[in-house]
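# Sharing a model prediction with you, sequence too.
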Amino acid sequence: MPAAAQDAASWERVQKSGVLRCGAAVYPPFVSFDPLTKEYSGLFADLCRLYAENVLGVRAQFVDTTWDNIVAGLQAGRWDLALALNHTPQRALAVGFSEAAIADQISLAFRVGNNKFPAKPTGFADFDVDGATVIVTSGTYMDRAVTALAKKAKILRLPSGDESRLALMSGRGDVLADPIDSNLVYVASNKDWATHIVPEPAVSRQGMGFGVHRSMSFQDMQSLNIFLEELRATGKIDELLKTAVQKILEENK
C-alpha cells in the first residue's frame, strides 16, 4: 500500500495537522446546517466533534458535500470521516466503515388520503403503482434501494433532503423514502396532512456510522469503534439523537 494512502487515513496525521476533517452532507437529524450561524449540528456532527476533541485532541472541521460525492471525496482524501454513512455492500467495496452508531431503515412518508394507495398500506408494493412517484435524495442508500424495487412507480431524484421533503409537501411526488428518524421528524412537523409507515418487508435496513478511507489501520479503526461502543452503552448516542430531533421540532413550531 502506498505510504501516501496510509498517511491519508492516519489519526497520527490528523493529530499533527490539528484538524479532523468531517465530510458533511446535510440530512437532519443526523447532520444539520444553520445558514445564519454557519454551524453544523445533529447526531453525527456532535459525534465528530466529540471524537476530535476528546479522543484525538484536535478541532473538528466540517466540509460541505453532497450524497452523490461523499464517498468519492473520502476516497480522494478530501476529508477524514464521512458523516452518517449507511453500511451498504456497494459502498464497502470503495471505503471502510466504523461500527454502526445507530440502526437505520427506510420509512415511507405520504399524504393522508392519497387515493393512489390503499387506505392502510403495509409495504413498498402498495406504493409501487402506475401513476405514483417515489421521491428519493440522489446518491443515498434510499435511492439505491428504491431503484432496485420500483417496477411501476416513477422515481423522482432530487439533490438534497430539503428538496425531497418539499417535493412531497408540494405534490411533485406521492411518497418519500427517507430514514425513519428523518421521517419521524418530518411527519411530526406536518401532522395535519402527513403520515408514514415502516414497510414490511423492509425496503432497506442497516447500520449507520462513519465512513473512513479503506487504508485506515486496524488500530485507528479500533479507536473509533471503541469510542462509539462506549457512547452506545452509556446512552449518550440516544441522548444526542433525541436532542437533535427536539431541536428541529422546536424550530418548526
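All right, it came through fine. Numbering: from 1, shown residues only.

# in its sheet, what does the helix or strand harbouring Phe110 sit against?
Per DSSP states H and E, Phe110 falls inside strand 102-111. Using DSSP bridges, the strands paired with strand 102-111 are strand 175-179 (antiparallel), strand 194-197 (antiparallel), strand 205-212 (antiparallel).

# Please export the C-alpha coordinates of it as PDB.
The C-alpha trace of strand 102-111 is given here as PDB (Å, rounded to 0.1, in the frame of the first residue of the first chain):
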ATOM      1  CA  ILE A 102     -27.400   3.600  15.300                       C
ATOM      2  CA  ALA A 103     -29.600   1.100  13.400                       C
ATOM      3  CA  ASP A 104     -31.400   2.600  10.500                       C
ATOM      4  CA  GLN A 105     -34.100   1.700   8.000                       C
ATOM      5  CA  ILE A 106     -36.300   3.300   5.400                       C
ATOM      6  CA  SER A 107     -39.800   4.500   6.100                       C
ATOM      7  CA  LEU A 108     -42.300   5.800   3.600                       C
ATOM      8  CA  ALA A 109     -44.000   9.200   4.200                       C
ATOM      9  CA  PHE A 110     -47.100  10.200   2.200                       C
ATOM     10  CA  ARG A 111     -50.100  12.500   2.300                       C
END
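
# Quick check: neighbours of the helix or strand just after that strand in the sheet, parallel or antiparallel?
Downstream of strand 102-111, the first helix or strand assigned by DSSP H and E is strand 133-137. Counting by DSSP bridges, the strands paired with strand 133-137 are strand 154-158 (parallel), strand 175-179 (parallel).

# show me the contacts for the residue nearest the centre of the chain.
Among the residues of the chain, the one closest to the centroid is Ala84, at 4.3 Å (Cα atoms, centre = their mean). With contact taken as Cβ atoms under 8 Å, 6 or more residues apart in numbering, Ala84 is in contact with 25, 27, 30-31, 42-44, 208. Any C-beta I mention is one placed from the backbone N, CA and C, and that applies to glycine too.
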